[in-house]
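Visitor: Mind looking at a prediction? Sequence and model below.
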Amino acid sequence: MIKREKGMVTNMSKKEIFKYLIESNSSISIYQVVLAMLAALVLSLFMYFIYKKTYSGVVYSKGFNQTLVLLAVIVTMVMTIIGGSLALSLGMVGSLSVIRFRTAIKEPKDMAFLFWSIAIGLSCGAEMYVVAVVGSAVIAVVLLFFSKDAYDGNNYLIVVRGNGLDSDALEKLIGENTRKWRVRMQNATGDFEEITYEAGLKKNNLSELAKALKAVKGIEAVNVVTYTGEVIG
């Protein structure tokens, strides 16, 4: 590294370089720390309610949701610590590299929430509050939109089992109650038959459709399976 003073070039000594690295390059006030922590807490609580409202898995984990809030605050604290010191930044990278996370993420969407929590912490720790607020708002709108299942929320797999099934009557009944449908699979063993239809319902009349199918001659069982694995009927 080269230092210029009044036209003369002098080399910085190793001691000066070391001092430059270990010293904090900016001072952080109590007000800045409190503001960053409060912003991270408010945004992470907002994320907490969005996660709870849009959760579509089988078993909701309150502990995981609370961990997201803590993660955002912790990342904010780390960013506040290392923000003004290059040496601390390098040391923190080395320290975090020894941590191993072995908890399995069962829901793919949970990974997005983890990154959202980290992004809140990074933005608040760097005092980029506009990015944190606007980004969180956009993410929340997208999640709420998809949670309404605007496109495929009424799509089901209808599994019909029985002896001597009247496929014409089945297809007519399914066609009257669905927007679109198609045969996904058909198995036959002796007199026993099983037909699987993929169908999108015109309205939320799942129970009525299941009862109407059971009334068709030859049908012994009707299972209506959503894409999330829930079984009705």
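Guide: Here it is on my side, so go on.
Visitor: okay, CA-based contacts and neighbour counts for the rest of this
Guide: Noted.
Visitor: So which elements touch the lengthiest helix in the chain?
Guide: Taking DSSP state H as the criterion, the chain has its longest helix at helix 30-54. For helix 30-54, the elements it packs on are helix 62-82, helix 108-125, helix 129-147, judged by 3 or more CA pairs under 8 Å, 6 or more residues apart in numbering; DSSP states H and E.
Visitor: So which of the ones you listed is nearest residue 36?
Guide: helix 108-125 (5.2 Å; CA to CA).
Visitor: okay, the angle between the closest one and helix 129-147?
Guide: Compare the direction of helix 108-125 with that of helix 129-147 by axes from the mean of the first three to the mean of the last three CA atoms, to 10 degrees and you get 160 degrees.
Visitor: Report the mean per-residue pLDDT for helix 108-125.
Guide: In this model, helix 108-125 has an average pLDDT of 90.
Visitor: Pull out the buried residues from the longest helix of the chain.
Guide: Applying a neighbour-count criterion of 16 or more other CA atoms under 10 Å, one finds 33, 36-37, 39-41, 43-45, 47-48, 50-51 buried in helix 30-54.
Visitor: what bits of this structure have low per-residue confidence?
Guide: Within the chain, the ranges that satisfy pLDDT under 70 run 1-27, 57-58, 83-105, 149-154, 202-205, 227-233.
Visitor: again, 90 this time
Guide: Residues of the chain that meet the criterion pLDDT under 90 lie in 1-33, 53-64, 75, 77-111, 122, 125-127, 144-233.
Visitor: in the strand ranked longest in it, what counts as buried?
Guide: In the chain, with assignment by DSSP state E, the single longest strand is strand 178-189. The neighbour-count check on strand 178-189 (16+ other CA under 10 Å) flags 178, 181 as buried.
Visitor: distance of the residue nearest the centre of the chain from residue 54?
Guide: In the chain, the residue lying closest to the centroid (CA atoms, centre = their mean) is residue 109, at 2.7 Å. Applying CA to CA, to the nearest Å, the value for residue 109 to residue 54 is 10 Å.
Visitor: Equivalent analysis for residue 146, please.
Guide: From residue 146 to residue 54 the distance is 8 Å (CA to CA).
Visitor: same question, residue 159
Guide: In terms of CA to CA, residue 159 sits 28 Å off from residue 54.
Visitor: cool, and residue 29?
Guide: Residue 29 is 38 Å from residue 54, by CA to CA.
Visitor: hang on, the earlier thing: what about the longest strand of the chain, distance to the chain center?
Guide: In terms of CA atoms, centre = their mean, to the nearest Å, the centre of strand 178-189 is found 32 Å from the chain centre.
Visitor: What is it packed up against?
Guide: strand 192-201.
Visitor: Just checking: what are the partner strands of the strand it packs on?
Guide: strand 155-163 (antiparallel), strand 178-189 (antiparallel) (DSSP bridges).
Visitor: For these, please prepare CSV with the additional fields distance to residue 123.
Guide: Formatted as CSV, the strands paired with strand 192-201 follow (distance: least, CA to CA, whole Å):
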stretch, distance to residue 123
strand 155-163, 39
strand 178-189, 45
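Visitor: wait, which of those strands is closest to residue 64?
Guide: strand 155-163 (29.1 Å).
Visitor: Other residues contacting that closest one?
Guide: 191-201, 218-227 (CA atoms under 8 Å, 6 or more residues apart in numbering).
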